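In: Give me coordinates for this.
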Amino acid sequence: MFADTLHLFNKYLKISLRTPLWSLFNLIQPLIWLVIFGQLFRNMAQLPGFPAGSYMDFFVPGVLIMTVLFGSSWSGVSLLREITAGTVDKMLVAPISRISIVLSRILHSAVQVMIQALIILVVAAAIGTSVSSSPFSIVAGLIVIFLLGVGFAALSNGFAIMIQREEPLVVIGNLMTLPLMFFSTAMVPASFMPDWISKLAAVNPINYAVEAVRTTMIGGPFDGSIYFQGLLVVTLFAAATLYWAVSAFNGLRD
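Out: Numbering: from 1, shown residues only. Now for the predicted structure:
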């Protein structure tokens, strides 16, 4: 299984390297958010009780997680197109592990969004954001980003297998991005939220990922309890969605 997964992962990676413009295109929306919302809400940092020295320092972790959502939530579309084209049927009769077919796609999507998030972080540092200088902190943040990418890519692929129609999948992809971002501390501190939104944020896995990335990748004191709580949440989320996606794929064409 591992050899088959690695082989297919390398195949999808080579396809991405041959079409780099598509990967760069996925960076446009997060960069727009970084520039526009970073300027639009910059005076928020002057409000009493704001938890960061500047709004950009607070907002960049949210943009990094947004990059993960925008990239991984559409992962199922390419799988759906291969199912429709009959490519998956050919792979199912090949002497390879069934699990590797879906697992390689999910891992490829997670690695891709992790690299994109790293590019966003470099851009943020270039425009003055206080990025952590600790390699350990950067790696710790990337682990959270990777696991979240696995979780949402698995969720997208699972829905693609279950629905097998592109239009509803696109609607679900949209529902998995902006609402989850707004019901988190990606843009606004929890203390500034209405009570009902802060309660929703408390059960939103995105919120824990944002906070974990914020305490590692942005310059400032590292809070181990926040990080490991976030790491636990995204690990459980990734494990649950991955199990569901693999189970759904194993039932395909049975």
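In: Could you double-check that residue 118 lies in contact with residue 139?
Out: No - the criterion here is Cβ atoms under 8 Å, and residue 118 misses it with residue 139 at 10.6 Å. Heads up, the C-betas are built off the backbone N, CA and C, glycines and all.
In: So these two - more neighbours on which side?
Out: residue 118 (17 against 11; other Cβ atoms under 10 Å).
In: On the three-state scheme, the more buried one is what?
Out: helix (DSSP: H, G, I helix; E, B strand; the rest coil).
In: OK, contacts around the closest residue to residue 42 other than its chain neighbours?
Out: Spatial nearest neighbour of residue 42, chain neighbours left out: residue 55 (4.6 Å); criterion: Cβ to Cβ, 6 or more residues apart in numbering. Contacts for residue 55 (Cβ atoms under 8 Å, 6 or more residues apart in numbering) come out as 38, 41, 42, 43, 44, 45.
In: ok, and the closest non-adjacent residue to residue 207?
Out: residue 184 (3.9 Å).
In: count of residues packed around that neighbour?
Out: Residue 184, neighbours per other Cβ under 10 Å, totals 26.
In: Using the three-state scheme, assign it.
Out: Residue 184 - assigned by three-state DSSP - is coil.
In: same deal with residue 96?
Out: Going by three-state DSSP: residue 96 is coil.
In: That one reaches residue 4, doesn't it?
Out: Yes - taking contacts as Cβ under 8 Å, residue 96 lies within contact range of residue 4: 4.4 Å.
In: Any idea how far stretch 33-47 is from the middle of the chain?
Out: Its chain's C-alpha centre and that of stretch 33-47 lie 22 Å apart, by Cα atoms, centre = their mean, to the nearest Å.
In: I meant to write stretch 61-81 there.
Out: That offset, for stretch 61-81, works out to 6 Å (Cα atoms, centre = their mean).
In: and the residue nearest to residue 207, what does it touch?
Out: 62, 65, 201, 204, 206, 207, 210.
In: List the buried residues for the least confident helix or strand in the chain by mean pLDDT?
Out: Sorted by mean pLDDT, DSSP states H and E, the helices and strands of the chain end with helix 20-25, the least confident at a mean of 72. By neighbour count on 16 or more other Cβ atoms under 10 Å, the buried set for helix 20-25 is residue 23.
In: Give the buried residues for the helix or strand just after it.
Out: The helix or strand immediately downstream of helix 20-25 is helix 28-40, counting by DSSP states H and E. Neighbour-count burial for helix 28-40 flags 30, 31, 33, 34, 37, 38 (criterion: 16+ other Cβ under 10 Å).
In: Mind giving me the packing neighbours of helix 28-40?
Out: helix 55-72, helix 98-126 (3 or more Cβ pairs under 8 Å, 6 or more residues apart in numbering; DSSP states H and E).
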